[in-house]
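# starting from these lines, generate the structure:
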Amino acid sequence: MIDPVSGEHVNDRPSRGPATTRLPLLLPGTLSDEQLAVYEAVTGGPRGTGSARTTPSPEDDDPDSPAAGPAAEPPFGLADESGRLLGPFNAMLYSPSVGLPLQDLGAALRFRTAFTKREREIATLVVAAHLRSDFEWYAHERIGRRAGLADGEMDALREGRAPMLADVRERVVYEATRQLVADGDLADAVFTEAATTLGRVAVVELVTLVGYYRALALQLRVFRVGVPDGEPAPEWPAAGGRATEDGHE
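Coordinates of the predicted model:
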C-alpha cells in the first residue's frame with residue numbers, strides 16, 4: 001500500500017514466515033461435478049505415478065538410467081490424508097474452467113515434450129530457484145532426484161549457480177532457461193544455439209514450460225502455499241544475494 005503522508009510503498013512484501021493458505025483446502029466430498037473432473041484429472045492422470053510419457057526419451061531406452069524402470073509411487077504427495085489437493089492443485093479446483101486446461105498443460109509439459117527428464121527438471125528448478133518458490137522447489141527437487149540429478153547439481157541450481165553439466169543439451173537448456181527467467185527473452189545467440197541444439201519444437205516447449213511454472217509460482221506466492229506440514233523449506237542463499245523480479249530475496 002502507499003503511505004498517504006510520505007507517498008512511499010509500505011508493507012508490500014509478503015511475509016516469508018509460516019502463513020495460513022488463503023484458499024482453504026477443499027475436501028473431495030464437497031466438490032461439484034466440474035471440480036471433481038479437475039480432481040480426477042490430477043490424481044488419476046500421469047502425475048499419480050510420474051511415469052507416463054508419449055514422446056520417447058533417450059533415457060527411456062537406457063536400463064541404467066535412474067528414470068528407467070517400472071511405474072513408481074509419486075515423488076511427492078498430491079493430496080493430504082483427507083484427500084485434499086496440495087500445492088498448486090487446490091487453487092485449480094476453485095476455477096475448474098481454468099484449472100482443468102491448466103493442469104492438462106502441466107501434464108503435457110511434464111510427460112509429453114521432447115525433453116529428457118533431467119533436461120525438464122533442470123529447467124523447472126531454475127524457475128523455482130529464481131522465484132524462490134518453496135513448494136515448487138520442494139516438489140521438483142524430489143522429481144529431479146528421481147530423474148538422476150545429483151546433490152552438487154541440485155545445490156548449484158538452488159543457489160543460482162551454473163551446475164557442472166557434461167551433456168551439451170543440458171547446458172543449453174540451463175542457459176536458455178536462466179536467460180528467460182532473468183531477462184524474459186532470449187538473445188539472438190542463445191536462441192540460435194537452442195534452436196540448433198534442441199530444435200525449434202523444443203524451444204517452443206521450453207518457453208512454454210518457463211511461463212507455466214512462473215504462473216504456478218505466482219499463484220503459490222499469492223495464495224500463501226508453502227511446503228507440506230513437517231517438511232523443511234528450501235535453504236535459499238543468504239540475504240544480499242540475487243533478488244527475484246519482484247524484489248524478494
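# residue ranges in the protein under the pLDDT threshold?
1-19, 49-72, 239-249 (pLDDT under 70).
# for the longest helix anywhere in it, buried residues please.
Across the chain, the helix with the greatest residue count (assigned by DSSP state H) is helix 200-222. Neighbour counts over helix 200-222 (16 or more other CB atoms under 10 Å) mark 202-203, 205-207, 209-210, 212-214, 216-217, 219-221 as buried. C-beta: built from backbone N, CA, C; applies to glycine.
# closest one of those residues to L109?
L209 (4.9 Å; CB to CB).
# quick one: what helix or strand has the nearest residue to the closest one once chain neighbours are set aside in it?
Counting by CB to CB, 6 or more residues apart in numbering, L109 is the residue found nearest to L209 once chain neighbours are left out, at 4.9 Å. Using DSSP states H and E, L109 sits within helix 96-111.
# C-alpha coordinates for that helix, PDB please?
Output of helix 96-111 as PDB, limited to C-alpha atoms (Å, rounded to 0.1, in the frame of the first residue of the first chain):
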ATOM      1  CA  PRO A  96     -12.500 -25.600 -13.000                       C
ATOM      2  CA  SER A  97     -12.800 -23.800 -16.300                       C
ATOM      3  CA  VAL A  98      -9.300 -22.600 -15.900                       C
ATOM      4  CA  GLY A  99      -7.900 -25.300 -13.600                       C
ATOM      5  CA  LEU A 100      -8.700 -28.200 -16.000                       C
ATOM      6  CA  PRO A 101      -6.800 -26.900 -19.000                       C
ATOM      7  CA  LEU A 102      -4.100 -25.600 -16.700                       C
ATOM      8  CA  GLN A 103      -3.400 -29.000 -15.200                       C
ATOM      9  CA  ASP A 104      -3.500 -30.600 -18.700                       C
ATOM     10  CA  LEU A 105      -0.900 -28.100 -19.800                       C
ATOM     11  CA  GLY A 106       1.300 -29.000 -16.800                       C
ATOM     12  CA  ALA A 107       0.900 -32.700 -17.600                       C
ATOM     13  CA  ALA A 108       1.800 -32.100 -21.200                       C
ATOM     14  CA  LEU A 109       4.900 -30.200 -20.200                       C
ATOM     15  CA  ARG A 110       6.000 -32.900 -17.800                       C
ATOM     16  CA  PHE A 111       5.100 -36.000 -19.800                       C
END
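# quick one, whichever helix or strand comes after that helix and helix 96-111 angle?
For helix 96-111, the following helix or strand on the C-terminal side (DSSP H and E) is helix 117-131. Calculated by axes from the mean of the first three to the mean of the last three CA atoms, to 10 degrees, helix 117-131 forms an angle of 130 degrees with helix 96-111.
# helices or strands up against helix 117-131?
Counting by 3 or more CB pairs under 8 Å, 6 or more residues apart in numbering; DSSP states H and E, the packing neighbours recorded for helix 117-131 are helix 134-147, helix 151-158, helix 168-183, helix 200-222.
# include distance to G77 when you put those helices into JSON lines, please.
Formatted as JSON lines, the helices and strands packed on helix 117-131 follow (distance: least, CB to CB, whole Å):
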{"stretch": "helix 134-147", "distance to G77": "9"}
{"stretch": "helix 151-158", "distance to G77": "20"}
{"stretch": "helix 168-183", "distance to G77": "26"}
{"stretch": "helix 200-222", "distance to G77": "16"}
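# tell me which of those lies nearest to Q35.
Per CB to CB, nearest to Q35 of these: helix 200-222, 16.7 Å.
# what's that closest one packed up against?
Using 3+ CB pairs under 8 Å, 6+ apart, helix 200-222 is in contact with helix 96-111, helix 117-131, helix 134-147, helix 168-183, helix 188-197.
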